[in-house]
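Colleague: Here you go, sequence then predicted model.
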Amino acid sequence: MIPNITRGGKTFGVLTYLIGKGREEEHENPTLIAGTVIGKLHGYEHGTPLETADVRLLTGWLDAPMRAFGKAPMRNGKPAHVWHCSLSLHPDEPAQTRETWQRIATRYMKVMGWDAQDEDEKPRRQAQHHGEARWLAQHHGASKDGRDHIHIAANIVTEDGRQWNDYDDRVSSQQAAAVIAREFGLRLVDGQEQERGQRGVKPGELEADARRGLTVGEVKRTKDGKVSRVDPCAARPENGTRRGLEQIVSACATAALDERDFVQLLKEHGAHPRARWAKGGLTEVVGYSVAFPQEGSAEVEWVRFGGRTLGRDLALPALRAGWPELASDVVADAWRNPRERATLPLGSELLIDAEKAIAELRTQLMGVDVRDRRAWSDAARDAAGVINTWSLRTEPVPGPLAEAAYALRASATVRSSAGERRRVLSRRAALLSANALITHKPARTSVELVRQVSYLTRQIIQMHQLDHQQERAHQLEVKALRAMIELEERTVAAGAVTAPRTPPEARIDRGHDADRDRGHER
């Protein structure tokens, strides 16, 4: 079960899209399947076919409480009363009946806390209202990629003029989707059960890049030969290129000696950094954002993404857990006045040290319990960062290595409280490896370094298999491991130094839970 939430201020526009033909005329037989509208508005029951003529009437019904109390909720200075959620099945799952979708939609809205009057079960997230919210759910067949899905549209202003609490609703929606998947026997999307995974690229971001003539994060070269990761002729800033920014931030964070080094690396790789300051002045950095500079546009117009928006593993507190602690005034000065970075010494010694460090890390992982989410998250984050660095240095446009790193980052993003933001494993292996790659042009590498990262990837796959996360393990085998095997073949063909092959076999500790280990041989 895959939820996707958007918010806006045009109820008429949302319903026009849902009941209309769709962008590519993929909508077939729009049908009302659930909602508070059923039984409240004459002529609208479960299974009622919807037509364009219904849009205006349903818009008026959804917005009536908001208009009665004369207030439209605002977000960033714009109306934001429309809450729209799509619930999609996995492409491999068969379509559900409309009766099943009715039950799914009703249950989902209850778990999300829209039904504040229900005393039988406390909602997963308590709604800050006592009146009923108006919503409807509609089904119109499969999406372009074959996913059976429904759409839910609601107004967050309730019958008594209060507002439904939409704080952190995207996180709550993933939790609610996991509840629905278990109760209805549907496929759990990777990350919902183990609280892993990352935010996916939305169609609008892909389309924005397509209008520039780019794939996500594609590299372009300006007339003077410099690398630019957005089209320098773009007429206006838009959403998009987030995957490109993710890749750069991941690589730079892995190669950075400390936070000062991180800021400078971001500048060198075209991801313009900006600090987010604590309230009260410019003395404490509490977050950051990055953007691709766009020629012809003022900096205030650049499309920026915060670290946490790019991924939980790229939020500033998560990154700081792997760097030496610096005084707040030193950090503040680094963000205000980035200076030339102090790199690690170049040479073959750095490459050899990196190979040994990854081998040591792999040995350490052999004794780590598969249920130690923090330790395995560190290992996956390090592997993803190193592979992202490889991609930046060797792929003219994001290719298999970029996809491999993106897949591994899904294993690196785990939810944690502030007290758990710490590193369990040393990041020395990733630091040395990323520096061996990022400080050489072209990237300096060896067959042994490629193999060590491949073996580390195998261990992470094995961890997922033993922790009963078969979908995640399969994705890594297809996207990450194959890319590393291809890289090894290219490295050998290029004549890089070949070291003796290190045995890939590595058993890992699965803990002492007999039920979890039943059926597996040590």
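Modeller: Yes, it's here.

Colleague: Go ahead and list the helix or strand containing residue 407.
Modeller: Using DSSP states H and E, residue 407 sits in helix 400-412.

Colleague: hang on, I meant residue 451
Modeller: Going by DSSP H and E, residue 451 is in helix 447-466.

Colleague: now swap in residue 430 and tell me
Modeller: Assessed by DSSP H and E, residue 430 sits inside helix 428-438.

Colleague: quick one: the helices in the stretch 101-250 of the chain?
Modeller: Using DSSP state H, counting those that start in this stretch, the helices of the stretch 101-250 of the chain run over 169-184, 203-211, 242-255.

Colleague: just to revisit the earlier point, not counting its own residues, what contacts the helix holding residue 407?
Modeller: With Cβ atoms under 8 Å, 6 or more residues apart in numbering as the test, helix 400-412 has contacts from 190-191, 196-198, 217, 243, 246-247, 250, 311, 313, 376-378, 380-381, 383-385, 387-388, 390-391, 394-395, 457, 460, 464, 472, 475-476, 479-484, 486-487. To be clear about C-beta, it is placed using only N, CA and C from the backbone, and glycine gets the same treatment.

Colleague: Among those, name the buried ones.
Modeller: Neighbour counting over the contacts of helix 400-412 (16 or more other Cβ atoms under 10 Å) leaves 190-191, 196-198, 217, 243, 246-247, 250, 311, 313, 376-378, 380-381, 383-385, 387-388, 390-391, 394, 457, 460, 464, 472, 475-476, 479-481, 483-484, 487 as the buried ones.

Colleague: for the stretch 301-450 of the chain, which spans come out with low pLDDT?
Modeller: Applying pLDDT under 70 to the stretch 301-450 of the chain flags the ranges 342-348, 414-422, 440-444.

Colleague: ok, which stretches of it are helices?
Modeller: Going by DSSP H, counting those that start in this stretch, the stretch 301-450 of the chain shows helices at 307-310, 316-320, 328-336, 348-365, 373-394, 400-412, 428-438, 447-466.

Colleague: so which of those gets nearest residue 100?
Modeller: Among those, the nearest to residue 100 by Cβ to Cβ is helix 400-412 (28.6 Å).

Colleague: what's the offset of the closest one from the middle of its chain?
Modeller: Here the centre of helix 400-412 is set off from its chain's centre by 11 Å, with Cα atoms, centre = their mean, to the nearest Å.

Colleague: between it and helix 242-255, what angle do the directions make?
Modeller: Interaxial angle of helix 400-412 relative to helix 242-255 (axes from the mean of the first three to the mean of the last three Cα atoms, to 10 degrees): 70 degrees.

Colleague: Name the residues of helix 400-412 that are buried.
Modeller: For helix 400-412, by 16+ other Cβ under 10 Å, it's 400-412.

Colleague: First-to-last residue distance for stretch 85-99?
Modeller: Stretch 85-99 has an end-to-end distance of 19 Å (criterion: Cα to Cα, to the nearest Å).

Colleague: Tell me which residues of that stretch come out buried.
Modeller: Under the neighbour-count criterion of 16+ other Cβ under 10 Å, stretch 85-99 has 85-90, 96, 98 buried.

Colleague: Name the residues that touch that stretch?
Modeller: Outside of stretch 85-99, the residues within contact range by Cβ under 8 Å, 6+ apart are 1-6, 31, 33, 46-47, 104-105, 108, 139, 142-143, 145-152, 173, 177, 180, 186-187, 189.

Colleague: Looking at the residues you listed, which are in strands?
Modeller: Filtering those for membership in strands, criterion DSSP state E, returns 2-6, 31, 33, 139, 142, 148-152.

Colleague: which one of the residues you listed sits closest to residue 362?
Modeller: When the ones in strands among the contacts of stretch 85-99 are compared for distance to residue 362 (Cβ to Cβ), residue 2 wins out at 33.7 Å.

Colleague: What is the burial count for that closest one?
Modeller: Number of residues near residue 2 (other Cβ atoms under 10 Å) recorded here: 19.

Colleague: ok, it touching residue 177?
Modeller: Yes - shown here, residue 2 and residue 177 form a contact pair, counting by Cβ atoms under 8 Å, at 6.9 Å.

Colleague: Now residue 15. Nearest residue, chain neighbours left out?
Modeller: Among residues not flanking residue 15 along the chain, residue 55 sits closest, at 4.7 Å (Cβ to Cβ, 6 or more residues apart in numbering).

Colleague: Same check on residue 183?
Modeller: Nearest residue to residue 183 in three dimensions, chain neighbours excluded: residue 107, at 7.0 Å (Cβ to Cβ, 6+ apart).

Colleague: Can you give me the distance of the one you found to residue 174?
Modeller: Distance, residue 107 to residue 174, by Cβ to Cβ, to the nearest Å: 15 Å.

Colleague: Kindly report the same for residue 375.
Modeller: 23 Å.

Colleague: May I have the distance across stretch 91-104, first residue to last?
Modeller: End-to-end distance of stretch 91-104 (Cα to Cα): 18 Å.

Colleague: Quick check: which element contains residue 287?
Modeller: For residue 287, the element it lies in under DSSP H and E is strand 285-291.

Colleague: Could you check the angle that strand makes with helix 328-336?
Modeller: Using the same axes, to 10 degrees: strand 285-291 against helix 328-336 is 10 degrees.
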